[in-house]
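Asker: Predicted model and sequence below, questions to follow.
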Amino acid sequence: MELSGISFAGKTGIITGGAQGIGKAIAKGFVQMGGKAVIVDINPETAAKTCEELGNAVYYTVDLGDPDEVVRMFQQIVEEQGRVEVLVNNAGIVNTSDFDKLTLAEWNRVIAVDLTAVFLTSQVLFRHMEQIGGGRIVNVASIAGKVGGGYLGTTAYAAAKAGVISLTKSIAKAGSAKNIYCNSLCPAYTKTPLVSILTGEKEKKVLEAMSLHRAAAPEEVANGVLFLASDAASFVQGENLNCDGGMLMNG
């Protein structure tokens, strides 16, 4: 992966859900462009394997659904790493229950991981970035946050991602005077373990809704995230980048 003119040399970036899928592609690109990747993932075996593959990377095991653990571990990460210039909130989970069968426990778990954790991690890193003179936060949302659930993600997932898009703007407004940038990116259908539930007719329906009629590769989404995390996006603040293969354009 190569984005001309972009460098993360001397910088450290935290990538949640960085052990596989889009997160792994982001971490890989970050390291290839000179940075140190701090991978946060719930699966230590996969995270360790990814770090070994990438080289300049370390990992921490965190359950993003546990608010107390999130705050404690992210404070520990900042303390141990010393200086963190980039945060990418990429981790997410999906629940496949239909709206009328979705339980409160299922709803709460998805909201905790996909939205509340984004708030908590961003708040810890925001305070750190204030102290070091600035930084960049990139939140990976979803097209589901703009069009609702259904085949793009169930009720709780779509609601959480809509919240992430709005939260991004609030963080950006708070950070502008402090040299802290915050932007979000909305992927559509991307070939990752998270969307393995899309098969057969469901997959066909999604692909038909996209102008490009294909799924994104994780690296294609990662390119957009890495741009937003870099100094190349120096005049981009509080924005949402659609990386959707023309899905929204098609209505």
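Answerer: Done, it's in.

Asker: tell me the pLDDT at the most far-flung residue of the chain relative to its centre?
Answerer: Within the chain, the residue lying farthest from the chain centre (Cα atoms, centre = their mean) is D100, at 28.2 Å. D100 is assigned 89 on the pLDDT scale.

Asker: now the one 5 residues further on
Answerer: Confidence per residue is given as pLDDT, and for A105 that number is 97.

Asker: So it belongs to a helix, correct?
Answerer: Yes - the assignment for A105 by DSSP: H, G, I helix; E, B strand; the rest coil puts it in a helix.

Asker: Help me confirm that F8 comes into contact with G35.
Answerer: Yes - between F8 and G35 there is a contact at 3.1 Å, judged by Cβ atoms under 8 Å. Using the backbone N, CA and C atoms, a C-beta is placed for each residue, glycine as well.

Asker: Now list whatever residues contact both of those two.
Answerer: Taking Cβ atoms under 8 Å, 6 or more residues apart in numbering as the contact rule, F8 and G35 both touch V86.

Asker: Helix, strand, or coil at the nearest residue to T154 once chain neighbours are set aside?
Answerer: Excluding the flanking residues, the one nearest T154 by Cβ to Cβ, 6 or more residues apart in numbering is N95, at 5.3 Å. Here N95 is recorded as coil under three-state DSSP.

Asker: any idea how far N95 lies from G238?
Answerer: Using Cβ to Cβ, to the nearest Å, N95 is found at 29 Å from G238.

Asker: Show me where the chain has its helices.
Answerer: Shown for the chain, the helices assigned by DSSP state H span residues 21-32, 44-54, 67-81, 104-111, 117-132, 144-147, 155-175, 200-208, 218-228.

Asker: Which parts of the longest one count as buried, going by neighbours?
Answerer: Using 16 or more other Cβ atoms under 10 Å as the burial criterion, the residues of helix 155-175 that qualify are 155-165, 167-169, 171-172, 175.

Asker: Repeat that for the fourth one.
Answerer: Residues 106-107, 110-111 are the ones in helix 104-111 that count as buried (16+ other Cβ under 10 Å).

Asker: now swap in the last one and tell me
Answerer: Using 16+ other Cβ under 10 Å as the test for burial, helix 218-228 gives 218-228.

Asker: Could you export that helix as CSV, CA atoms only?
Answerer: Provided in CSV are the C-alpha atoms of helix 218-228 (Å, rounded to 0.1, in the frame of the first residue of the first chain):
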residue,chain,number,x,y,z
PRO,A,218,-10.0,-3.7,3.0
GLU,A,219,-7.0,-1.8,1.6
GLU,A,220,-9.3,0.4,-0.4
VAL,A,221,-11.1,1.5,2.7
ALA,A,222,-7.8,1.8,4.6
ASN,A,223,-6.5,4.3,2.0
GLY,A,224,-9.3,6.7,2.9
VAL,A,225,-8.7,6.3,6.6
LEU,A,226,-4.9,6.8,6.2
PHE,A,227,-5.5,10.0,4.2
LEU,A,228,-7.8,11.4,7.0
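
Asker: Taking helix 21-32 as reference, get the angle to it.
Answerer: Here helix 218-228 runs at an angle of 60 degrees relative to helix 21-32 (axes from the mean of the first three to the mean of the last three Cα atoms, to 10 degrees).

Asker: Which residues does helix 218-228 contact?
Answerer: In this structure, residues lying in contact with helix 218-228 by Cβ under 8 Å, 6+ apart are 1, 3, 6, 21-22, 24-26, 28-30, 33, 88, 90, 136, 138, 140, 181, 183, 185, 187, 190-192, 233, 236, 241, 243.

Asker: picking up where we left off before, for the residue nearest to T154, give me phi and psi.
Answerer: Here is the backbone geometry of N95 (degrees, to the nearest 10): phi -110, psi 130.

Asker: measure it to S184 for me?
Answerer: From N95 across to S184, the span is 21 Å (Cβ to Cβ).
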